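**Q** sequence plus predicted model, see below.
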Amino acid sequence: MSANVAVTGIGLLSALGEGVDAHWTKLMQEGVQPIVDEASYAPYTVHPLGEVDFSTQVPKRGDLRQMEPWQRIGTFTAGLALSDAGIAGKPEYLDKTHMIVAAGSGERDTATDMKVLATISDREDGDIRANEILPSNLRPTLFLAQLSNLLAGNISIVHKVTGSSRTFMGEEMAGVSAVETAVRRIKAGQGELFLIGGAFNSQREDILLNFELGGMLSQGPFKPVWERAGNGAAAAGLAPASIGVFLVLEEMLHAKARGAKIYAQIDDIHSARCNRQNGAALENARAQFAVIEEKITTGPLAILSGASGAQPATGEELEFLQALFEQGHPAYIRAYGSVLGHGIEAHLPTGIALAAMALQNDSFYAPFDTSGLEQEFSGSLEQIAVTSWGHWRGEAIALLSKVGI
C-alpha cells in the first residue's frame, strides 16, 4: 500500500503580497484585481513584485548581495515554506529534507551583454574584445547566465536543508517534474520530507525578449486568461509573473506523528509531452484525466487551470475543460494566471499551493474574470484538480483532496 502525500508547508510570494494569509485574504475578495505593470515593458504586461524585505528570510547581507532577483525570490519563499511547516531551524527534520527545485537557466547580466555588443559592433577583432570584457565584468565562478542549480545551493546554505538535491530545467514541465518526483518518491517510501518549488523573475528584458521571439507574449492592455483567446494575435499570449512558491510535501503518517498542520493531500499527478500537432495535447489531457477519474468523488469538481493565454494550448485546454460537463463532472474553472500571472517553472507549484489553501479553508475562489466561463462554485468542496499546460510543451493534471477524503 503506497503512502499518502500531505502538503504541510506553503511559501508564496507574488504581486499580491507574501505568505499564505495575505494571498488567501486577497484571492477570496469578490472581483479581485490583479496587480500589473503595462508601462515598463510596453507593449507587454508583467505582474511585478512589490517591496519585499528579503532579509527576513535571508538575514546575511553577503548572501543577498550575490543573489540575483530570481534566487532571492526562491530562497525567500523556501524559508516561508519551511517556517509554515514548522521545521525551519530544526536539524532533525532539515537533515532529512530532500529538495527538488524547478529553475530556468538563470538571469543574464544585461548590462554586460550591452557593453559587449556596443564594443564589438564595428570592430574586426570583436571576439578578442569580448574575451577582454567578460573576465572583468563577471563574478568569479559564474558565466554570463547564472547557473540554474545556484538556487538549490543558496537554499541549502541559508536554510540548512541538507538532504538530497535535484534541479529540473524546462519551463512549466520543470515545475511539474518537481511535484511529480516528490509525490512518486513519497508514495514509494523513498523519503518522508520534501521541499519543492521554483521562482521566476519576469522583470527582465532578456527573458521578455526570449518569449517575444517565440511569439508568446500578450500585447496591449491587460486581459484575463480566457479573454485573450479569440481576440487576435496581439491579445493571445502570456503575461509573465514575478513569483516564487515552495511547498513542503510530507508522508502523511510522518506529518501526523509530529503534529504538523496539514493543508491537503495530493492524490495523484500525471504528465506527458507531445508535439502539439493535431489535437495531441488534448488527447494527452483526456488520457490523464481518465487515470485520475476513478479517484474523483461525486459532486462538483473545482479546477484550478494553469492556462497561460498562449495559443493554441489555451484553446485546446478550454475545450478539454468544457467537455468535462458532458462526462458528468460539473466543473468549476478558475484560471489563476488571470490574477497572479504566469509563473513558468513556478506555475504548477503555485496551483498546488492555491488548491491546498482552498481545501484547508473549505472554500473555493470566486471567479477570477467576467468572461462567463468561470461560474460561482456551489456545493461541498472535497477535491480540486490542478492543470498545467505549458505555453509551448507539456501537459499535466494533479488531484488534491481534503484530508480524510
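**A** Structure's in. What do you need?
**Q** sketch out the low-pLDDT regions of the stretch 201-350 of the chain for me.
**A** Scanning the stretch 201-350 of the chain for pLDDT under 70 picks out the ranges 229-234.
**Q** what segments of it are strands?
**A** Here the stretch 201-350 of the chain has its strands, by DSSP state E, counting those that start in this stretch, at 243-251, 264-272, 301-305, 331-335.
**Q** which other helices and strands contact the second one?
**A** Read that as strand 264-272. strand 5-14, helix 172-187, helix 280-293, helix 347-361, strand 383-389, strand 395-401 (3 or more C-beta pairs under 8 Å, 6 or more residues apart in numbering; DSSP states H and E). Every residue, glycine included, has its C-beta placed from N, CA and C.
**Q** picking up where we left off before, residue 227 is nearest to which of the strands of the stretch 201-350 of the chain?
**A** strand 331-335 (9.8 Å; C-beta to C-beta).
**Q** neighbouring strands - and their directions - for the closest one?
**A** Taking DSSP bridges as the criterion, strand 331-335 sits next to strand 301-305 (parallel) in its sheet.
**Q** what's around residue 359, how many residues?
**A** 25 (other C-beta atoms under 10 Å).
**Q** let me know the pLDDT of it.
**A** Turning to residue 359, the model gives it a pLDDT of 97.
**Q** what sits against it?
**A** By C-beta atoms under 8 Å, 6 or more residues apart in numbering, the contact set of residue 359 is 263-264, 381, 383-384, 400-402.
**Q** go on, residue 349?
**A** Contact analysis of residue 349 by C-beta under 8 Å, 6+ apart lists 102, 175, 178-179, 196-198, 245-247.
**Q** pipe those into JSON lines and attach distance to residue 53 and neighbour count per row.
**A** Converted to JSON lines, the contacts of residue 349 look like this (distance: C-beta to C-beta, whole Å; neighbours: other C-beta atoms under 10 Å):
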{"residue": "102", "distance to residue 53": "25", "neighbour count": "33"}
{"residue": "175", "distance to residue 53": "26", "neighbour count": "35"}
{"residue": "178", "distance to residue 53": "27", "neighbour count": "30"}
{"residue": "179", "distance to residue 53": "28", "neighbour count": "29"}
{"residue": "196", "distance to residue 53": "24", "neighbour count": "28"}
{"residue": "197", "distance to residue 53": "20", "neighbour count": "35"}
{"residue": "198", "distance to residue 53": "21", "neighbour count": "33"}
{"residue": "245", "distance to residue 53": "18", "neighbour count": "35"}
{"residue": "246", "distance to residue 53": "18", "neighbour count": "33"}
{"residue": "247", "distance to residue 53": "22", "neighbour count": "31"}
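**Q** which one of these sits closest to residue 50?
**A** For the contacts of residue 349, the nearest to residue 50 is residue 245 (16.3 Å; C-beta to C-beta).
**Q** need the helices for the stretch 51-200 of the chain, in chain order.
**A** Here the stretch 51-200 of the chain has its helices, by DSSP state H, counting those that start in this stretch, at 61-65, 69-85, 91-94, 110-120, 126-137, 150-159, 172-187.
**Q** residue 208: which of the ones you listed is closest?
**A** Among the helices of the stretch 51-200 of the chain, helix 110-120 sits nearest to residue 208 (C-beta to C-beta), with 10.9 Å.
**Q** just how off-centre is that closest one within its chain?
**A** From the chain centre to the centre of helix 110-120 is a distance of 32 Å (C-alpha atoms, centre = their mean, to the nearest Å).
**Q** what is the mean pLDDT for it?
**A** The average pLDDT within helix 110-120 is 71.
**Q** may I have that helix exported as CSV, CA atoms only?
**A** Output of helix 110-120 as CSV, limited to C-alpha atoms (Å, rounded to 0.1, in the frame of the first residue of the first chain):
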residue,chain,number,x,y,z
THR,A,110,22.1,42.6,-19.4
ALA,A,111,24.5,45.5,-18.8
THR,A,112,27.4,43.3,-19.7
ASP,A,113,25.6,42.0,-22.8
MET,A,114,25.0,45.5,-23.9
LYS,A,115,28.6,46.6,-23.2
VAL,A,116,30.0,43.7,-25.3
LEU,A,117,27.6,44.4,-28.2
ALA,A,118,28.4,48.1,-28.1
THR,A,119,32.2,47.4,-28.1
ILE,A,120,32.4,44.8,-30.8
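**Q** which neighbouring elements make contact with it?
**A** Using 3+ C-beta pairs under 8 Å, 6+ apart, the elements in contact with helix 110-120 are helix 126-137, helix 205-213.
**Q** and with 6 Å instead?
**A** Judged by 3 or more C-beta pairs under 6 Å, 6 or more residues apart in numbering; DSSP states H and E, helix 110-120 is in contact with helix 126-137.
**Q** any idea how many residues pack against residue 358?
**A** Using other C-beta under 10 Å, residue 358 has 25 neighbouring residues.
**Q** wait, isn't it in contact with residue 364?
**A** Yes - between residue 358 and residue 364 there is a contact under C-beta atoms under 6 Å: 5.4 Å.
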